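Visitor: coords please:
(2 chains)
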Amino acid sequence: MTDVRTETPSAELIAEREILAPEPGFREAFSRVVLDRPSTQIAFVVVIIFILVAVLAPLIAPYDPLRQSMLRINQTPTAQHWLGTDQFGRDVLSRLIHGSRKSLIFGLLSPVFAAFFGTILGVAAGYFGGIVDRVISRIIDMLMAFPELLLAILIAAALGGSFWNIVVVLTVAFTPGFARVARASTLSVKQEPYVEAAIAAGVSTPHIIIRHIIPNISAPIVVLMALWSASSIRIEATLSFLGIGTRPPNPSWGNIIRDGLNSMFATQWPIFAGGLAITIVVLAISIIGDSVRDHLDPETNQ
Amino acid sequence: MTVPLLEIRNLSVEFGPVSRPLRVVDSVSFSMRAGEALGVVGESGSGKSMTALSILRLLPEPPARVSGEVYFNGRDLMRLPKRDMPAVRGKEIGMIFQEPMSSLNPLITIGDQIDEAIMLHEPMSAVERRERVIALLRLVGMPDPVSRLGAYPDQFSGGMRQRVMAAMAMACTPQLLIADEPTTALDVTI
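Guide: Take a look at the predicted model:
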């Protein structure tokens, strides 16, 4: 609180006229998180570029990602095909650009859904305790016993690999983690005097949960969302690689690599390009996630 | 005016196993008429806060076991259904807590926090409520209340936060105000 005071007024002045610190607005928080470190700046720019590429995919992709050509199979990079062509003569760059849509949508959508359901379950378990807590916690323990990827493969194999199925798969795989964090945070926020004060002021239970509990547990959940966006992109690529994610011939970073594997000895460019795209995005999102976490938890600074 | 505002008979609070109970409040009885002020004095751990909390039924049961009668305006609060308690809390009985530093939600502006109780208990428009909040802040001695409505708790000192707490407790003009050591942790100058 003291670091925002620019001048040092006398004690009487402080007592007489309350010091009003500038409101910590969104813009300041943003600049502190993003602009503090060069690595975060770069990561942020990278993510923005990839999002733009995904949004503008049909406009900037030089070729139709599905068009095959027997005359141009397995080419190395040329002026016409910057990243070469794959075993069916499809332009790798165009496939990569169109594939970024799938990967980023999965990467952003599933953690958001998982955060939504996980928070509801976790807050319910933490706030009400008792039998509610026991039932929810046991279900979550059960889901957590499976590694995320195994669970994802299980559900994808059972339901098939359509778009919404993959979203459901990843959401179910991620929900337990959010529920755990939300439950633990709720248990500590529930003890805060301001929650008791709100109850004493006659605020009803739903109101207390929405206004006093959820805003105060949102920080760790946001961090988890950032960190799991990266995992989500990775798992989607893995599922597509294994053939139970995005269905060929539609491009996704995972099945670009999968297709590239078949012609690995003719051209390495599809594998290389797909792998690099995944690496860059996952790294960038992880760096942003780390930075947000460091910002929200002062104890991890330095 | 024969009915007292608050009458407490044999109020007891117990914790621990039934066979070997730990009695933290032992058969407290007192009564108050409207307009009276009553001070409860005792060393720490003697059950002052427990008495205050059990009047509003804020103690979690279990583990606490509360017995006795609490008549407020002739109505026994102990026998009121649990879901009717929020209507009593804040509206008819206000409470100020011990810890001003942590009794305000850090993410909500003080204007909204005082407004919360009014919004729930009084059928008033947003403009009327704003007027009420400003009047309350002026009442507790907050300088320049209009510009403070949008300020967050961390922008205030402990004494100022306690004034906000007092404004919150009085927001719906309760008939009874319970102050649980409201000046703890405050310096003497305020």
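
Visitor: In chain A, which residue sits nearest chain B?
Guide: A:Gly202 (3.2 Å; CB to the nearest CB). Using the backbone N, CA and C atoms, a C-beta is placed for each residue, glycine as well.

Visitor: That residue: what secondary structure?
Guide: Under DSSP: H, G, I helix; E, B strand; the rest coil, A:Gly202 falls in the coil class.

Visitor: In contact with it, which residues?
Guide: If you count contacts by CB atoms under 8 Å, 6 or more residues apart in numbering or on different chains, A:Gly202 has them with B:86-91, B:117, B:120-121, B:172.

Visitor: how about 6 Å then?
Guide: Applying CB atoms under 6 Å, 6 or more residues apart in numbering or on different chains to A:Gly202 gives the contacts B:86, B:89-91, B:120.

Visitor: what separates the nearest residue to it once chain neighbours are set aside from B:His121, distance-wise?
Guide: Among residues not flanking A:Gly202 along the chain, B:Gly90 sits closest, at 3.2 Å (CB to CB, 6 or more residues apart in numbering or on different chains). Using CB to CB, to the nearest Å, B:Gly90 is found at 6 Å from B:His121.

Visitor: And the most centrally placed residue in chain A, how far from A:Pro111?
Guide: Nearest residue to the geometric centre of chain A (CA atoms, centre = their mean): A:Ser229, 2.0 Å. The gap separating A:Ser229 from A:Pro111 is 5 Å, by CB to CB.

Visitor: Check whether the helix or strand harbouring A:Val172 comes near chain B.
Guide: In this structure, A:Val172 sits in helix A:163-190 according to DSSP states H and E. No: figure legend: helix A:163-190 not in contact with chain B (CB under 6 Å from any CB of the partner chain); closest approach 9.7 Å.

Visitor: And that helix, how far out from the chain middle?
Guide: 12 Å (CA atoms, centre = their mean, to the nearest Å).

Visitor: tell me the contacts of the residue nearest to the centre of chain A?
Guide: Contacts of A:Ser229 (CB under 6 Å, 6+ apart): A:107-108, A:111, A:285.

Visitor: C-terminal to the strand or helix carrying it, what's the next element?
Guide: Assigned by DSSP H and E, A:Ser229 belongs to helix A:214-241. Where DSSP H and E defines the elements, the next helix or strand beyond helix A:214-241 is helix A:253-262.

Visitor: buried set for that next one?
Guide: Under the neighbour-count criterion of 16 or more other CB atoms under 10 Å in any protein chain shown, helix A:253-262 has A:253-260 buried.

Visitor: So for residue 61, what's the pLDDT?
Guide: You didn't pick a chain, so chain A it is. The model reports A:Ala61 with a pLDDT of 78.

Visitor: nope, chain B please
Guide: 74.

Visitor: phi, psi of it?
Guide: Backbone torsions of B:Glu61, given as degrees, to the nearest 10, read phi -120, psi 120.

Visitor: Any idea how many residues pack against it?
Guide: By the criterion of other CB atoms under 10 Å in any protein chain shown, B:Glu61 has 11 neighbours.

Visitor: From the contacts of A:Ser229, pick the one nearest B:Ser27.
Guide: A:Pro111 (56.0 Å; CB to CB).

Visitor: contacting residues for that closest one?
Guide: Residues in contact with A:Pro111 (CB under 6 Å, 6+ apart) are A:225, A:228-229, A:232.

Visitor: how big is the angle separating the strand or helix carrying it from helix A:253-262?
Guide: Using DSSP H and E, A:Pro111 maps to helix A:92-128. Between helix A:92-128 and helix A:253-262, the angle comes out at 140 degrees (axes from the mean of the first three to the mean of the last three CA atoms, to 10 degrees).

Visitor: beta partners of the residue nearest the centre of chain B?
Guide: Computing the C-alpha centroid of chain B and ranking residues by CA atoms, centre = their mean puts B:Met95 first, at 0.9 Å. Here B:Met95 sits in beta bridges with B:Ile178, going by DSSP bridges.

Visitor: quick revisit: let me have the contacts of A:Ser229 in TSV, extended by pLDDT.
Guide: Shown next, in TSV, are the contacts of A:Ser229 (pLDDT from 0 to 100):
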residue	pLDDT
A:Gly107	81
A:Leu108	83
A:Pro111	90
A:Ile285	87
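
Visitor: Provide a ChimeraX selection command restricted to the buried entries of those residues.
Guide: Buried members of those, defined by 16+ other CB under 10 Å, are picked up in ChimeraX with:
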select /A:107,108,111,285
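
Visitor: ok, so of the contacts of A:Ser229, who is nearest B:Phe30?
Guide: Of all the contacts of A:Ser229, A:Pro111 has the smallest distance to B:Phe30: 56.2 Å, by CB to CB.

Visitor: Next one: the closest one relative to A:Gly202, how far apart?
Guide: Between A:Pro111 and A:Gly202 the distance is 37 Å, computed by CB to CB.

Visitor: For the residue in chain B that chain A sits nearest to, which residues are in contact?
Guide: Residue of chain B nearest chain A, by CB to the nearest CB: B:Gly90 (3.2 Å). Contact criterion CB under 6 Å, 6+ apart gives A:201-202, B:117, B:172 as the residues in contact with B:Gly90.

Visitor: pLDDT and distance to B:Glu128 for those residues - can I get that in a markdown table?
Guide: Putting the contacts of B:Gly90 into a markdown table (pLDDT from 0 to 100; distance: CB to CB, whole Å) gives the following:
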| residue | pLDDT | distance to B:Glu128 |
| --- | --- | --- |
| A:Ala201 | 78 | 19 |
| A:Gly202 | 77 | 19 |
| B:Ala117 | 80 | 14 |
| B:Cys172 | 79 | 13 |
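
Visitor: Please pick the buried ones from those residues.
Guide: Among the contacts of B:Gly90, those buried by neighbour count (16+ other CB under 10 Å) are A:201-202, B:117, B:172.

Visitor: Specify which member of those is nearest to B:Met32.
Guide: Scanning those for proximity to B:Met32, where the rule is CB to CB, the winner is B:Cys172, at 19.2 Å.

Visitor: Is there any residue in the helix ranked longest in chain B that contacts chain A?
Guide: Scanning chain B for the helix with the most residues, using DSSP state H, yields helix B:126-139. No: judged by CB under 6 Å from any CB, helix B:126-139 makes no contact with chain A; its nearest approach is 11.3 Å.

Visitor: which of the residues in that helix are buried?
Guide: B:129-130, B:132-134, B:136-137.

Visitor: now the helices for chain B?
Guide: B:48-55, B:85-88, B:110-121, B:126-139, B:145-148, B:158-169.

Visitor: rewinding a little: so what's the model's average confidence on the helix holding A:Ser229?
Guide: 84.

Visitor: Check stretch B:177-185 too.
Guide: Stretch B:177-185 comes out at a mean pLDDT of 76.

Visitor: can you pull the buried residues of it?
Guide: B:178-182.
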